[in-house]
Structure formats: structure tokens, C-alpha cells
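Enquirer: Just a sequence and a predicted model for now, questions to come.
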Amino acid sequence: MLRQGHLRIVAISIAMFLLAPLAAGAATATLPSWNDDAARRSIVDFVEAVTTAGGPDFVAPAERVAVFDNDGTLWGEQPMYVQLAFALDRVREMAPQHPEWSTTEPFKSALAGDFAGIAASGDKGLLELVAATHAGMTSDAFTQIVSNWLATARHPKTGKPYTSMVYQPMLELINYLKNNGFQVYIVSGGGIEFMRPWTERIYGIPPENVVGSSIKSKFEDTEGAPRIIRLPDINFIDDGAGKPIGIYQHIGRRPIAAFGNSDGDFQMLEWTTSGPGRSLGLLVHHDDAAREYAYDRQSHFGRLDRGLAEGPQRGWTIVSMKDDWKQIYAP
């Protein structure tokens, strides 16, 4: 006959045996769309280190700031940036009121669908397109125009709404960080006013946590009707070296984690990972031509050259979409 102590040991052993599959399931429930390899482990190890109270790398919740690029990091950016697609549709819609555009670059190339011509116009040409198509209206009117466009516009390759071209592994990462006490921000070269109408619905990131490029605006009060008018002048470019400045001005804290996909994110990761204490820098490498697109060093959009060359030496995680992600888009 088993003594009471022996019975207790047997009961504990049976319970451990029965609960083992549940524990394993709980472990794999973290970032389930990520393969369990070095990229995923670098994220989990970092989060566990900075959230373990009493540990050498513990970071107080108020200082757990994570920043994400948007285009190419959270949703697709090929064959062109989504905001550029929006601007081109606006050019076609507004063209009857601007006959001079048929002979003036970059509008001539935009109307002809000549992406090489648009790219040849450089940053100056892109800024002209944005200034012409995003200004001359109230802030409320622009928000409505963006919302209406996203409700009907479709990606040229997949035929899906652009807001369906969101990366499931990155959505899981955002939620994982938030569940571990992180404040999550978008820091994008895209327009801040273009992103804010929809980021909370798509990513769970509220408009006040969005940092981006912007055009100038002014306040006016006409017969007791106050409104903000958008002006055709660039206010701030939140790309490259502008990203740390945007973080400094809008957030006021140095992040401890930064996520991007292009050389436009290099300085953001560089500034983040040069701070004191434990940090994480991560670049998404688009190398999956079958499920998405394959591009890096020679791409007009989302060029990744310096990041690939220097990232590993700086201790940054390079994520292979082909090898590290079980699925690409959100279901």
C-alpha cells in the first residue's frame, strides 16, 4: 500500500505529465507566425531580459519604448509606397483642373503611369506630388479623403485592400510588446496625416503614437468656424536622419527597440541601439519572391544596402521573410 507521501509524489508526477503539453503550447503561442529560430529568440530573449524585475537588464515600463517603421515593415511597399499610389490617384482625379500637368514633370509621368519617370524626378518630384495632392483643404476633409480611398483602393498585384497587406508576424510582435508593458509608436517616412486616420484600426496604435513626415498647416477662424487648413509646403521629412529627430521631438524618450526594413531606418536603429542598457535593432529583409517580393540593394522603394552590410556587425537582427516567417499577411 502506498503511503500518503508516495501518493503525493505520484499525483504531482501525473499532473506534470498532463500539463506538459499545455506548457509547450503556451510557449509556442508567443509570436506563433514566427519560426522558432534565431530571429524569434532574439526578440523573446530581449523582452524577457528587460521585463524581469531585479534582473541586470530590467527597464521600467515608462522607458520601454518601441518604434516601428511603417512601409515595408508593417505593411507592403511594393510595387510602390501606398501613399504614392494615393497621390497618383489624386493626380488623375485632379488633372482636369490642371491642364498644365500634361507637359510638366513629375505630373506628366504620373499621368502616364511612368514609374521610372517619377523616380527620376527624385525627392523633389515626390514632394511636388504630395504638395499638389495633399494640400488646399481642411484637415477634416483630408482625413475623409484618405479614409474613402482606403475603403476602395486595391493592391495592383493581389487585388486586396491595402489594409489587408499587413504583415501578421509584425502584428503579433506589436501585441507581444504591448502585453509586456511597451509603449509602441510608428515612426515613418510616410505622411503623419495620411497614417493617423487608420493606424488604430489596423495596428492598434492610436494617432497620438504616430510620427511621420508632414506638410505645413495654418489655423483660421472664419465667422466662428475654426478649422485647420493644409498648405502646399513641406514641414518635416521623417526619414533617414530625420527619424531620430522626429522621435526626439514627438516622443521625448530614446527607444530601447527599433524595427525597420530599409536604409531609411538606419539612423533610427543606430540611435536606439547606441543608448545605455539592453536594446534591440531589427531589420526585415524582403527575400520572399513567392509569397511577397524579393528586393534589397537595388530597389527604388525600400532600398536595403547599408543595413545588410553593417547590421550584423552592430548586433542587429536581420529577419528573413522567407525563412523566419510561417505566413506573411494577416488572415
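Expert: Right, received. Where do you want to start?

Enquirer: Not counting sequence-adjacent ones, nearest residue to the residue nearest the centre of the chain?
Expert: Of all residues in the chain, the one closest to the mean position by Cα atoms, centre = their mean is Asn70, 2.3 Å from it. Excluding its sequence neighbours, the residue lying closest to Asn70 (Cβ to Cβ, 6 or more residues apart in numbering) is Ser188, at 3.8 Å. Heads up, the C-betas are built off the backbone N, CA and C, glycines and all.

Enquirer: Just to check, the one you found is in contact with Met195?
Expert: Yes. If you go by Cβ atoms under 8 Å, Ser188 and Met195 touch, sitting 6.4 Å apart.

Enquirer: These two: who's more crowded?
Expert: Neighbour totals were compared for Ser188 and Met195, and Ser188 leads with 31 against 25 (other Cβ atoms under 10 Å).

Enquirer: rewinding a little: so what sits against both of Ser188 and Met195?
Expert: By Cβ atoms under 8 Å, 6 or more residues apart in numbering, Ser188 and Met195 have these common neighbours: Asn70, Val210, Gly212.

Enquirer: Out of these, which comes closest to Leu280?
Expert: Leu280 lies nearest to Asn70 out of the shared contacts of Ser188 and Met195, by Cβ to Cβ, at 18.3 Å.

Enquirer: Return the distance of that closest one relative to Trp198.
Expert: 11 Å (Cβ to Cβ, to the nearest Å).

Enquirer: re earlier: spit out the contact partners of the residue nearest to the centre of the chain.
Expert: Listed by Cβ under 8 Å, 6+ apart, the contact partners of Asn70 are Ile186, Ser188, Gly190, Met195, Gly212.

Enquirer: Sitting in helices, which of these do you find?
Expert: Met195 (DSSP state H).

Enquirer: in the host helix or strand of Gly246, what counts as buried?
Expert: Assigned by DSSP states H and E, Gly246 belongs to helix 242-250. Residues of helix 242-250 classed as buried by neighbour count (16 or more other Cβ atoms under 10 Å): Gly242, Lys243, Pro244, Ile245, Gly246, Ile247, His250.

Enquirer: Quick one, grab the pLDDT at the fourth one.
Expert: What that stands for is Ile245. According to the prediction, Ile245 has pLDDT 98.

Enquirer: Tell me how far it lies from Asp239.
Expert: Taking Cβ to Cβ, one finds Ile245 at 10 Å from Asp239.

Enquirer: do the fifth one as well
Expert: When distance is defined by Cβ to Cβ, Gly246 is 9 Å away from Asp239.

Enquirer: Could you check how far Phe86 is from Pro79?
Expert: Using Cβ to Cβ, Phe86 is found at 14 Å from Pro79.

Enquirer: wait, I meant Val59
Expert: Distance from Val59 to Pro79, by Cβ to Cβ: 39 Å.

Enquirer: neighbour count winner among these two?
Expert: Val59 (20 against 15).

Enquirer: The more buried one reaches Arg278, doesn't it?
Expert: Yes. Contact criterion Cβ under 8 Å: Val59 and Arg278 qualify, at 7.1 Å.

Enquirer: what do these two both touch?
Expert: Joint contacts of Val59 and Arg278 (Cβ under 8 Å, 6+ apart) are Val50, Ile256.

Enquirer: Can you tell me the element Ala258 falls in?
Expert: Going by DSSP H and E, Ala258 is part of strand 257-260.

Enquirer: What values do phi and psi take at Gly281?
Expert: phi -120, psi 130 (degrees, to the nearest 10).

Enquirer: Roughly how far does it sit from Arg314?
Expert: Between Gly281 and Arg314 the distance is 7 Å, computed by Cβ to Cβ.
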